[in-house]
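Asks: could you look at this predicted model? Sequence included:
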Amino acid sequence: MAIGASSAKTAGEETDTTERGNPSQLRRRLGRSDLRAVPETRRELRELLRHWGRPGRSEIAELLTSELVTNALVHTDREAVLTAVVAPGQLRVEVRDFVARKPRMCAPGTDDGTHGRGLVLVDAFADAWGVQAHEVGKSVWFELDAEAA
């Protein structure tokens with residue numbers, strides 16, 4: 001845990017805030033198939049990013065985070081863990097799940113409704129993103145520069 005003020009708002013959620021330019025962090029356990037976590041996570045991230053980046057950057061972060069959280073909960077049917085770390089000038093968000101199957105970016109069809117666009121959005125708006133395999137499961141992550149246009 002980072003040095004500084006800490007508050008546990010709900011079960012499974014840790015928000016660390018620090019002073020003097022040190023990273024701030026949000027860490028949240030996401031329950032199996034609990035899609036209520038998507039808007040809750042957006043709200044928590046919005047609070048974390050309240051004074052971060054150029055106008056519009058925190059909204060992009062919220063969108064991309066909700067896509068990764070939704071993908072982890074819908075496509076794995078398992079729990080996941082979200083970690084968002086704010087450092088001077090940069091944000092890194094990582095969603096770790098416990099299924100080895102790697103996500104595929106695919107072009108959504110016209111009959112897919114709102115499905116199939118998550119990684120397309122991440123690829124389009126993130127400054128960097130990727131998938132990292134773990135001994136058990138994987139992490140899908142993205143990074144945003146606070147000052148990018």
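Replies: Looks like it arrived, so ask away. Residues are numbered from 1 along each chain as shown.
Asks: list the buried ones in the helix or strand containing Ala124?
Replies: Using DSSP states H and E, Ala124 maps to helix 118-125. Within helix 118-125, the residues that count as buried by 16 or more other C-beta atoms under 10 Å are Gly118, Leu119, Leu121, Val122, Phe125. Where C-beta positions appear, they are placed from N, C-alpha and C, glycine not excepted.
Asks: out of those residues, who's nearest Ala37?
Replies: Using C-beta to C-beta, Gly118 comes nearest to Ala37 of the buried residues of helix 118-125, at 15.1 Å.
Asks: show me how far the top helix by length along the chain is from its chain's centre.
Replies: In the chain, assigned by DSSP state H, the helix with the most residues is helix 57-76. Chain-centre distance of helix 57-76: 6 Å, with C-alpha atoms, centre = their mean, to the nearest Å.
Asks: same check, this time on stretch 82-99
Replies: Distance, stretch centre to chain centre, for stretch 82-99: 6 Å (C-alpha atoms, centre = their mean).
Asks: excluding its backbone neighbours, what's nearest Leu35?
Replies: Excluding its sequence neighbours, the residue lying closest to Leu35 (C-beta to C-beta, 6 or more residues apart in numbering) is Leu73, at 6.0 Å.
Asks: what's around that neighbour, how many residues?
Replies: By other C-beta atoms under 10 Å, 23 other residues sit near Leu73.
Asks: ok so, going back, let me know the angle separating the longest helix of the chain from helix 118-125.
Replies: Interaxial angle of helix 57-76 relative to helix 118-125 (axes from the mean of the first three to the mean of the last three C-alpha atoms, to 10 degrees): 150 degrees.
Asks: re earlier: adding distance to Val38 and pLDDT, write the buried residues of helix 118-125 out as CSV.
Replies: Formatted as CSV, those follow (distance: C-beta to C-beta, whole Å; pLDDT from 0 to 100):
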residue, distance to Val38, pLDDT
Gly118, 11, 85
Leu119, 16, 92
Leu121, 14, 93
Val122, 15, 95
Phe125, 17, 96
